[in-house]
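[1] okay, here's the prediction I keep looking at, along with the sequence it came from:
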Amino acid sequence: MLCYNPAMRRLMQASAVTIGFVILGLGLSMANAQKESPPDVPAAIQVSPGEEVVLLAHASGSQVYTCQAGADGKFIWTLKAPEAELKDQKGKVIGSHSAGPTWKLNDGSEVTGKAAGHVDSPDADSIPWLLVNVVSHSGQGLLTNVTTIQRVHTHGGKPPAEGCDASHPNGEIKSNYTADYYFYAPAK
């Protein structure tokens with residue numbers, strides 16, 4: 001449709017430009033929302049080059065400890081398993097973290113890992129930051145291609161300094177913690 005009124009033509013052109021910028025802005029913000037930057041971590045827990053973050057999940061739950069005798073006969077709290085919910089950036093529960101260690105998402109994908117490195121948390125009262133290599137996969141979903149996991153930004157989770165002795169063998173205690181888990185897969 002031709003527009004012969006110069007004022008109307010300028011208004012339509014300005015509207016088209018504005019709509020274009022809005023669409024471009026939405027596209028850029030959606031692209032940025034999909035890509036998560038890796039955390040700044042010490043070399044001991046850095047991932048291999050060529051891996052990219054495919055998921056950032058916030059965990060909240062407990063580290064479960066059992067009172068057991070060590071090789072020297074002294075009783076110490078020993079990690080039994082984590083019990084935590086995994087949440088997305090909006091706080092929606094997307095999965096769980098449990099013994100193995102295992103991470104399972106509601107989409108049916110699951111990975112089990114083995115610690116490959118650790119550093120003390122900057123918070124002395126918190127469990128260490130970890131680098132975990134994935135050793136097995138099951139199901140199909142977001143975790144299908146995950147090869148590496150980092151646990152960072154930990155808060156809490158350490159066992160108590162007391163309460164584990166010969167009068168409490170096999171006793172259990174839960175220590176609340178939170179952490180961020182970064183899941184990595186080969187870059188595409």
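    Thanks, I have the structure now. Numbers count the residues shown, from 1 in each chain.
[2] show me the strands in the chain, by range?
    Ranges of strands in the chain, per DSSP state E, are 51-69, 75-87, 93-98, 102-105, 110-119, 129-138, 148-156, 172-186.
[3] what angle separates the first one from strand 148-156?
    So the one you mean is strand 51-69. 50 degrees (axes from the mean of the first three to the mean of the last three Cα atoms, to 10 degrees).
[4] list the buried residues for strand 51-69?
    51, 53-67 (16 or more other Cβ atoms under 10 Å). (Glycine included, C-beta is placed from N, CA and C.)
[5] quick one: least confident helix or strand in this structure?
    Within the chain, confidence by mean pLDDT, DSSP states H and E is lowest for helix 6-34 among all helices and strands, at a mean of 44.
[6] looks like Ser37 contacts Tyr182 (just checking).
    No - the pair Ser37 / Tyr182 is not scored as a contact, 9.5 Å apart, by Cβ atoms under 8 Å.
[7] need the overlap of contacts for the two.
    Val53 (Cβ atoms under 8 Å, 6 or more residues apart in numbering).
[8] so for those two, which sits in the more crowded spot?
    Taking other Cβ atoms under 10 Å, Ser37 and Tyr182 do not tie; Tyr182 has more neighbours (23 against 10).
[9] any figure for the gap between the more buried one and Ser48?
    13 Å (Cβ to Cβ, to the nearest Å).
[10] again with Val41
    13 Å.
[11] of the two, who's got more company?
    Val41 (16 against 11).
[12] what's the pLDDT at that one?
    The per-residue pLDDT reported for Val41 equals 96.
[13] wait, doesn't it sit right on Val152?
    Yes - in terms of Cβ under 8 Å, Val41 counts as a neighbour of Val152; the distance is 6.2 Å.
[14] next up, the contacts around Val54.
    Val54 sits next to Leu142, Asn145, Val146, Phe183, Tyr184, Ala185 when contact means Cβ under 8 Å, 6+ apart.
[15] please apply the same query to Ala161.
    Contacts of Ala161 by Cβ under 8 Å, 6+ apart: none found.
[16] identify the contacts common to Val41 and Val152.
    Contacts common to Val41 and Val152, judged by Cβ under 8 Å, 6+ apart, are Trp129.
[17] got a list of what His118 touches?
    So His118 contacts Ala44, Ile45, Pro128, Trp129, Leu130, Leu131 (Cβ under 8 Å, 6+ apart).
[18] so how far is Asp165 from it?
    Separation of His118 from Asp165 (Cβ to Cβ): 27 Å.
[19] I am finished for the moment; much appreciated.
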